[in-house]
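J.: With the input below, show me the fold.
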Amino acid sequence: MFHYVACAWDVAARSQVASAERICAIINNTPGCWRLTYAAAGLRVFCRGLDTSNQATFLTHNAGVVLGALFHGIAANEDFSTLATLDDAASERIIRSGGRELAERYWGRYVAFLREPRDGTLRVVRSPTGELDCLALCLDGVRLFLSDTEGCPVPPECHLTVDWEFVAAELTTLTAESRRTGLRELQRVLHGECLVIDGNRTTRKQFWHPFWFAGQDCLEDAASAASELRRVTKACVGAWASCHESVLALLSGGLDSSILVSLLGALPHRPEIACVNYRNAYDRVADERVYARRVASQAGLPLVEREQDAALDADRLLSPRDGKPACEPAFTYLGDGWQSELARVRQATACFTGHGGDQLFFENGAYYVCADFVHRHGLRPRIFSVAMDAARIEGGVVWTALRRGLRDGLRGDPLRPVIDQFFFSPLIRNEVAQVVREQRLFLPGWFDRDVSVPPGKCWQIIGLSVHEQLYGANAEDGDPECVFPLLSQPLQELCLRIPTYVLTLRGRSRGLARMAFSGDVPPLVLDRRLKAIAGDHAKCIISQNEELVRDLLLEGFLAKERIINTDNLKQVLSGQLGTGSVNATDVMHALATECWLRRWHSQSVRHAA
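T.: Reported below is the predicted structural model:
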């Protein structure tokens with residue numbers, strides 16, 4: 001597993017120098033193959049787990065280092081991208097731009113530490129897609145930057161405390177990534193952000209912003225948009241695949257994972273690939289294996305099938321990896337370790353997933369497409385065909401879609417229709433949810449400025465801003481990293497430029513994607529209209545582990561802090577799950593959060609002792 005810790009201090013401050021020496025000594029003496037990767041005046045960067053997809057790319061003249069995967073930009077009419085090497089000329093451009101060049105001419109998954117040789121100014125740049133985290137912590141004037149709290153050496157005197165307001169926001173609705181984390185003392189460097197540290201002065205600059213792409217240079221011609229979508233997707237998938245010799249590819253049989261696997265199978269120089277399908281035996285709608293088998297067969301790739309497990313291991317739920325919990329709860333269903341064992345057998349270093357495709361290709365966003373057209377074009381004759389497409393997707397009435405589109409498209413605040421439609425979990429107490437709603441704690445930092453993009457683009461940007469993790473919950477050394485090719489920066493920029501009423505071409509959710517990949521994905525999948533119901537699996541987990549869920553939630557921290565509504569929870573745990581407004585996914589989210597809180601409490605108790 002790849003981790004990094006950077007230690008930065010003011011060389012003119014004696015107290016900081018002494019503290020930095022002590023902290024660096026702690027890192028050096030921490031087990032786990034940590035090594036000093038980069039050193040400059042007032043800066044040390046330590047890494048472990050460097051490999052072909054998590055590299056240290058150095059700028060010339062010792063001006064800095066880029067950690068992670070850095071690719072050259074995808075030029076027009078090219079369908080490939082390669083890992084970048086920074087020669088003198090490239091390094092000079094990056095230095096002169098203050099790091100902005102990284103976001104404008106490169107892409108990938110990285111965190112860069114740039115040191116200005118003349119005045120010692122430090123710049124910390126995080127990639128626009130941000131799968132590699134960057135957490136900032138200040139201790140005795142010394143600044144620490146961490147890839148995470150698990151697996152990274154944090155000085156023992158650093159006492160981290162829970163941010164309950166953040167926890168409430170996370171539980172009320174799955175929030176997009178924000179500067180805040182689940183711990184008060186930790187702040188996050190955001191996607192595409194540059195932290196500039198000049199002595200005791202810290203400023204933030206935005207090197208990348210989704211509004212820049214969603215609000216200009218729209219690609220409205222469907223044929224051109226489809227051609228470009230396939231080209232850029234193919235280039236991104238190929239770039240990530242080139243970093244590995246053997247990978248697993250999660251293949252549900254849905255459209256997004258099928259696009260990914262179809263493109264992987266067509267690569268001229270592909271790694272060893274094994275597709276993995278988890279059968280949801282609790283899904284009442286469809287057995288997805290028939291779709292996954294067709295896709296894998298057409299791609300010429302082996303398919304390994306596994307039935308999803310409904311068991312929960314209390315010890316695994318409550319035991320963080322490497323002895324320390326993560327900086328915030330991970331909303332996931334814990335598996336039984338089977339996938340990790342399969343990766344070890346196949347020597348797979350990555351697990352590719354089509355996650356992010358719903359947001360990217362615009363699934364479940366038909367509510368906004370009519371408003372988006374009105375926002376961009378006003379009252380034009382084409383509005384009637386757009387309204388018909390929206391009604392077809394929603395299964396509604398065209399006049400309803402048209403009336404709503406006119407109302408929301410002509411509003412002065414395009415974000416308001418999105419906020420009004422936001423779902424807040426009824427498992428959370430009303431007064432808690434009200435605070436979250438009033439303070440807009442569920443919105444990403446992108447929306448701290450005036451919003452000029454259409455409502456559907458607001459919805460899309462919120463979905464694309466969810467924090468993704470490089471490793472899964474409870475991952476251990478040797479486990480494969482998670483790769484999300486569909487969330488690559490070039491793809492996000494492209495799909496943000498394509499209007500939502502083009503993405504929903506011909507009245508189909510992800511209609512443009514179906515057109516773009518019609519020659520790659522089997523018709524059986526392209527014509528599929530029903531998605532799997534993940535909530536049925538969660539419902540089975542809860543019913544089979546009701547006593548454990550009850551013990552953890554009814555007497556836990558969330559109940560004591562009066563965040564969850566215990567009356568609603570008792571109703572759910574009394575066998576009425578699914579009959580009211582609380583659903584199984586809400587309960588699983590609360591369970592993951594409660595386990596995270598208990599892990600941090602245990603850590604605090606050990607620290608106090």
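J.: buried sites along stretch 62-73?
T.: Ala63, Gly64, Val65, Val66, Leu67, Gly68, Ala69, Leu70, Phe71, His72 (16 or more other CB atoms under 10 Å). The C-beta positions use only the backbone N, C-alpha and C, and glycine is treated the same way.
J.: Out of the residues you listed, which is nearest to Glu307?
T.: Nearest to Glu307 among the buried residues of stretch 62-73: Ala69, at 33.3 Å, using CB to CB.
J.: Now the phi/psi pair for the closest one, please.
T.: phi -110, psi 120 (degrees, to the nearest 10).
J.: Would you map the strands across the stretch 201-350 of the chain?
T.: For the stretch 201-350 of the chain, strands defined by DSSP state E, counting those that start in this stretch occupy the ranges 201-206, 246-250, 272-279, 303-307, 350-352.
J.: and the ones you listed as TSV, adding mean neighbour count?
T.: Output for the strands of the stretch 201-350 of the chain, formatted as TSV (neighbours: other CB atoms under 10 Å):
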stretch	mean neighbour count
strand 201-206	13
strand 246-250	22
strand 272-279	21
strand 303-307	15
strand 350-352	24
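J.: Excluding sequence neighbours, find me the nearest residue to Met588.
T.: Ranked by CB to CB, 6 or more residues apart in numbering and with sequence neighbours excluded, the top spatial neighbour of Met588 is Ala538, at 4.8 Å.
J.: Let me know the average pLDDT across stretch 474-494.
T.: Mean pLDDT, stretch 474-494: 92.
J.: Mind giving me the packing neighbours of the top helix by length along the chain?
T.: Under DSSP state H, the helix in the chain containing the largest number of residues is helix 584-608. On a contact count with 3 or more CB pairs under 8 Å, 6 or more residues apart in numbering; DSSP states H and E, helix 584-608 meets helix 164-172, helix 314-318, helix 534-544, helix 546-554, helix 557-560.
J.: just checking, what packs against the longest one?
T.: Under the contact definition 3+ CB pairs under 8 Å, 6+ apart, helix 534-544 sits against helix 584-608.
J.: quick one: low-confidence parts of the protein?
T.: For the chain, the stretches flagged by pLDDT under 70 are 174-175, 283-285, 321-323, 331-336, 531-535, 575-581, 604-609.
J.: can you list the domains in it?
T.: When the chain is parsed with automatic domain parsing, its domains come out as 3-149+186-208, 222-357+475-487+521-526, 534-608.
J.: thinking in terms of the whole chain, how far from its middle is the second one?
T.: Between the centre of domain 222-357+475-487+521-526 and the centre of its chain there are 15 Å (CA atoms, centre = their mean, to the nearest Å).
J.: Span of it from start to end?
T.: With CA to CA, to the nearest Å as the measure, the ends of domain 222-357+475-487+521-526 fall 17 Å from one another.
J.: same deal with the longest one?
T.: Distance between the boundary residues of domain 3-149+186-208 (CA to CA) amounts to 24 Å.
J.: want to throw the domains of the chain into TSV with distance to Glu157?
T.: Below are these laid out as TSV (distance: least, CB to CB, whole Å):
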stretch	distance to Glu157
domain 3-149+186-208	8
domain 222-357+475-487+521-526	15
domain 534-608	9
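J.: For Arg380, which of those domains is the nearest?
T.: So among the domains of the chain, domain 222-357+475-487+521-526 is nearest, using CB to CB, at 16.6 Å.
J.: Arg188 and Leu410, how far apart?
T.: Using CB to CB, to the nearest Å, Arg188 is found at 36 Å from Leu410.
J.: Please read the previous query as pertaining to Ala387.
T.: Ala387 is 14 Å from Leu410, by CB to CB.
J.: So those two - more neighbours on which side?
T.: Neighbours were counted for Ala387 and for Leu410 using other CB atoms under 10 Å; Ala387 has more, 26 against 13.
J.: which residues sit in contact with the more buried one?
T.: Residues near Ala387 by CB atoms under 8 Å, 6 or more residues apart in numbering: Cys370, Val398, Trp399, Ala401, Leu402, Gly405.
J.: Buried among the residues you listed? Need that as a selection in ChimeraX.
T.: To isolate the buried subset of these in ChimeraX, counting by 16+ other CB under 10 Å, use the following:
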select :370,398,401,402,405
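J.: from the contacts of Ala387, which ones fall inside helices?
T.: Per DSSP H, the contacts of Ala387 map to helices at Cys370, Val398, Trp399, Ala401, Leu402, Gly405.
J.: Would you mind giving those residues as TSV with distance to Leu360 added?
T.: Converted to TSV, those look like this (distance: CB to CB, whole Å):
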residue	distance to Leu360
Cys370	21
Val398	27
Trp399	30
Ala401	23
Leu402	27
Gly405	23
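J.: Run a quick neighbour tally on the closest residue to Val290 other than its chain neighbours.
T.: Nearest residue to Val290, sequence neighbours excluded (CB to CB, 6+ apart): Gly253, at 7.2 Å. Residues lying near Gly253 (other CB under 10 Å) number 25.
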